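Undergrad: Need the 3D shape of this:
(chains A and B)
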2 protein chains.
Amino acid sequence: MLIRNVNQTPHEPVQMEGVKDAQIAMMVGGEDGAPNFAMRHIRVASDGFTPRHQHDYEHEVYVVKGQGTVLLEGEEHPIKEGDVILVPANMEHQFKAVSGDVSEEGLTFLCMVPRQSDCGKDVPGS
Amino acid sequence: MLIRNVNQTPHEPVQMEGVKDAQIAMMVGGEDGAPNFAMRHIRVASDGFTPRHQHDYEHEVYVVKGQGTVLLEGEEHPIKEGDVILVPANMEHQFKAVSGDVSEEGLTFLCMVPRQSDCGKDVPGS
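TA: Presented below is the predicted three-dimensional model:
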């Protein structure tokens, strides 16, 4: 059993090339006994972004609050609170918090990943 | 690629024995090409509840808004916005929206499930 709140869980800066002002907290993962998939909580400050990259496992994302864009299929699509996004395996993607007054709060989202990638390796960050 | 909003996705009553005033929307699942796990969006009206039951696959839950309780390990634990809950496989559980003025909005949460249970069968509702 595990109950923990996103606001009482420490967030750490995302340490990857091509990232700006993004923080992540592991909410449920392998260390908690999650057998199949992991849940991370990510905060991107206004004007910040996650790395533009791709990998051999999917993301399922839920936008908790804020506004921004997601790069998918080569185009940036606006996203907002309550949006759910499936990023297929091997598709380039990037999340950005839109700048401007309307998005001073940045972009906050849940990002779920499988614990095993399609080719059977452990998924990093799960 | 898939982007859809929880507020623009039809919700249907949960049709299970032991449920009261709960609605569910499949946000990402097998029909969308999700290979490993599914995301559902569940709204429980004030005083409502999900079935008290158990099964051979886990839930990962994120409370979007409202207040309520989750039955785990034989006890009801309070839950609120931003809480993340891991319900292990084969553990009895039930989600309730607390009654009273404070929770007129009921309890809204995301419920993620693997697409395969521990014993290799397809997970219902994924």
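
Undergrad: ok, residue A:40 - contacts?
TA: Contacts here follow Cβ atoms under 8 Å, 6 or more residues apart in numbering or on different chains; on that basis residue A:40 touches A:24-27, A:29, A:110-113, A:125. C-beta coordinates here come from the backbone N, C-alpha and C atoms, glycine included.

Undergrad: any idea of the mean pLDDT for stretch A:23-38?
TA: Averaging pLDDT along stretch A:23-38 gives 94.

Undergrad: Can you list the buried residues in that stretch?
TA: Of all the residues in stretch A:23-38, those buried under the rule 16 or more other Cβ atoms under 10 Å in any protein chain shown are A:23-30, A:32, A:34, A:36-38.

Undergrad: got a pLDDT number for the residue nearest the centre of chain A?
TA: The centroid of chain A falls nearest to residue A:111 when counting by Cα atoms, centre = their mean (3.9 Å). pLDDT, residue A:111: 97.

Undergrad: would it count as being in a helix?
TA: No - secondary structure of residue A:111 (DSSP: H, G, I helix; E, B strand; the rest coil): strand, not part of a helix.

Undergrad: Tell me if I'm right that it and residue A:42 touch.
TA: Yes - applying Cβ atoms under 8 Å as the test, residue A:111 and residue A:42 come out as touching, 5.5 Å apart.

Undergrad: Can you tell me the closest non-neighbouring residue to residue A:23?
TA: Closest residue to residue A:23 apart from its sequence neighbours, by Cβ to Cβ, 6 or more residues apart in numbering or on different chains: residue A:11 at 3.9 Å.

Undergrad: Likewise for residue A:97?
TA: Per Cβ to Cβ, 6+ apart, closest to residue A:97 is residue A:107, 3.9 Å.

Undergrad: now residue A:45
TA: residue A:21 (3.8 Å).

Undergrad: cool, residue A:40 as well?
TA: Nearest residue to residue A:40, sequence neighbours excluded (Cβ to Cβ, 6+ apart): residue A:111, at 4.9 Å.

Undergrad: next one: residue A:57
TA: Closest residue to residue A:57 apart from its sequence neighbours, by Cβ to Cβ, 6+ apart: residue A:117 at 4.1 Å.

Undergrad: And for the one you found, the neighbour number?
TA: Residues lying near residue A:117 (other Cβ atoms under 10 Å in any protein chain shown) number 18.

Undergrad: Against residue A:42, how distant is the residue nearest to residue A:23?
TA: 8 Å (Cβ to Cβ, to the nearest Å).

Undergrad: cool, and residue A:27?
TA: In terms of Cβ to Cβ, residue A:27 sits 10 Å off from residue A:42.

Undergrad: quick one: contacts for the residue nearest to residue A:57?
TA: Taking Cβ under 8 Å, 6+ apart, one finds A:55-57, A:89, A:123 in contact with residue A:117.

Undergrad: where's the dip in pLDDT among those residues?
TA: Among those, residue A:123 has the lowest pLDDT, at 66.

Undergrad: Residue A:93 versus residue A:42, what's the distance?
TA: Distance from residue A:42 to residue A:93, by Cβ to Cβ: 13 Å.

Undergrad: Residue A:10 too?
TA: 26 Å.

Undergrad: Neighbour count for these two, which is higher?
TA: Ranked by neighbour count (other Cβ under 10 Å), residue A:10 and residue A:93 place residue A:93 first, with 20 against 7.

Undergrad: quick one, what contacts the nearest residue to that one once chain neighbours are set aside?
TA: Leaving aside its sequence neighbours, residue A:93 sits nearest to residue A:87 (Cβ to Cβ, 6+ apart; 4.8 Å). The contact partners of residue A:87, by Cβ under 8 Å, 6+ apart, come to A:58-61, A:70, A:72, A:93, B:1.
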